[in-house]
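>>> need a structure here:
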Amino acid sequence: MSISLECIKLKRTGFFPALLCGGILAAAVPVLNMTIRWKTYVVVSGNPIQILLDANWQMMAMLNVLFIVAGTCLLYHTEYADNAIQKIKSLPVRESSVFFGKAILTIFMSTLMLAIEAGAITFCAYKWFEIQNTFWSELCKSFAYAFWLMLPCIVLSLLISQSCKNMWISLGMGVIFVFTATMLPPNNFILSLFPFAAPFQIFMNADMTWSMRFVCATAAELIVLGLAELILIRVRRWGA
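Down below sits the predicted model:
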């Protein structure tokens with residue numbers, strides 16, 4: 001019920017077109033890069049997916065995170081613009097269910113973004129490289145890994161947007177966090193656990209132990225962020 005209600009509220013916000021355009025923009029990165037510099041990459045030995053992600057994923061991940069930040073700001077801007085948050089408190093609707101509905105929508109659109117980007121990587125691999133038998137399994141693993149590491153970023157972005165009535169404050173904080181994440185060393189495990197930095201990790205570059213550490217750490221982050229959401233709701237309710 002809350003998800004259908006969220007979809008109705010988002011019809012005029014530009015949330016869906018914004019994230020869809022974000023996925024298309026990120027997908028255009030490897031296509032344009034290979035179109036212009038294909039001679040540089042076709043001579044590199046190795047797995048096509050690894051070559052393509054090494055060359056393009058940092059920019060693609062940054063665009064993904066930026067559009068997630070913008071999308072979550074749009075989600076809560078509609079709630080604060082017309083004092084809908086105050087009205088929700090007077091209705092038999094839990095604030096946590098509203099947050100959950102927005103999280104589901106953002107996760108769905110993020111999945112669509114990654115699917116578009118996976119299609120672009122497939123196109124580049126098909127056009128400029130030789131596709132091997134293991135290509136599809138490696139592609140699925142790489143983007144499933146990217147999706148999993150993106151979840152804490154989505155939840156934290158929603159928490160920030162929920163906490164700030166002014167959309168420009170939450171957007172500014174998100175942009176600062178994104179560009180801070182780009183400066184963190186990707187080979188430092190502790191620093192890379194920052195939710196805005198984790199999506200920059202590439203599955204093909206890491207051994208299984210390193211990847212599993214990130215998978216487990218991401219699960220722990222989601223639990224912590226879920227508890228933070230419950231605490232935030234209680235604090236705001238007491239403050240009201």
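>>> any idea which helix or strand carries the closest residue to Val44 other than its chain neighbours?
Nearest non-adjacent residue to Val44, counting by Cβ to Cβ, 6 or more residues apart in numbering: Ile51, 5.3 Å away. Yep, even glycine has a C-beta here, placed from its N, CA and C like the rest. Using DSSP states H and E, Ile51 sits in helix 48-81.
>>> now for that helix, which elements pack on it?
Judged by 3 or more Cβ pairs under 8 Å, 6 or more residues apart in numbering; DSSP states H and E, the packing partners of helix 48-81 are helix 15-42, helix 84-89, helix 95-128, helix 135-163, helix 167-183.
>>> mind listing what Met60 touches?
By Cβ atoms under 8 Å, 6 or more residues apart in numbering, the contact set of Met60 is 26-27, 29-30, 117.
>>> the helices and strands packed on helix 48-81: lowest mean pLDDT?
Lowest mean pLDDT within the helices and strands packed on helix 48-81: helix 84-89, at a mean of 58.
>>> related to what we said a few turns ago, let me know the closest of the contacts of Met60 to Leu66.
Closest approach to Leu66 among these (Cβ to Cβ): Ala26, at 9.5 Å.
>>> measure the closest one to Leu74 for me?
18 Å (Cβ to Cβ, to the nearest Å).
>>> ok, back up a step: deepest in the core, which of the helices and strands packed on helix 48-81 is it.
Per residue and on average, the most neighbours among the helices and strands packed on helix 48-81 fall to helix 135-163, with a mean of 20 (mean count of other Cβ atoms under 10 Å).
>>> extract the CA atoms of stretch 165-175 and return them as PDB.
The C-alpha atoms that make up stretch 165-175 are tabulated as PDB, following Å, rounded to 0.1, in the frame of the first residue of the first chain:
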ATOM      1  CA  LYS A 165      13.700  19.900   5.900                       C
ATOM      2  CA  ASN A 166      15.700  22.000   3.400                       C
ATOM      3  CA  MET A 167      16.400  19.900   0.200                       C
ATOM      4  CA  TRP A 168      19.500  22.000  -0.600                       C
ATOM      5  CA  ILE A 169      21.100  21.100   2.700                       C
ATOM      6  CA  SER A 170      20.700  17.300   2.200                       C
ATOM      7  CA  LEU A 171      21.800  17.700  -1.500                       C
ATOM      8  CA  GLY A 172      24.800  19.700  -0.500                       C
ATOM      9  CA  MET A 173      25.800  17.100   2.200                       C
ATOM     10  CA  GLY A 174      25.300  14.300  -0.300                       C
ATOM     11  CA  VAL A 175      27.500  16.000  -2.900                       C
END
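>>> most centrally placed residue in this protein?
Met150 (4.3 Å; Cα atoms, centre = their mean).
>>> what's the spacing between stretch 212-224 and its chain's center?
Distance of stretch 212-224 from its chain centroid, counting by Cα atoms, centre = their mean, to the nearest Å, is 15 Å.
>>> buried residues in it?
Under the neighbour-count criterion of 16 or more other Cβ atoms under 10 Å, stretch 212-224 has 214, 217-218, 221-222 buried.
>>> which ones among the residues you listed are found in helices?
Cross-referencing the buried residues of stretch 212-224 against helices under DSSP state H gives 214, 217-218, 221-222.
>>> quick check: closest non-adjacent residue to Phe196.
Ala181 (4.1 Å).
>>> from memory that neighbour sits against Gln201, does it?
No - between Ala181 and Gln201 there is no contact under Cβ atoms under 8 Å: 11.0 Å.
>>> now do the residue nearest to Val44, the pLDDT please.
92.
>>> ditto for Leu91
The model's pLDDT for Leu91 equals 56.
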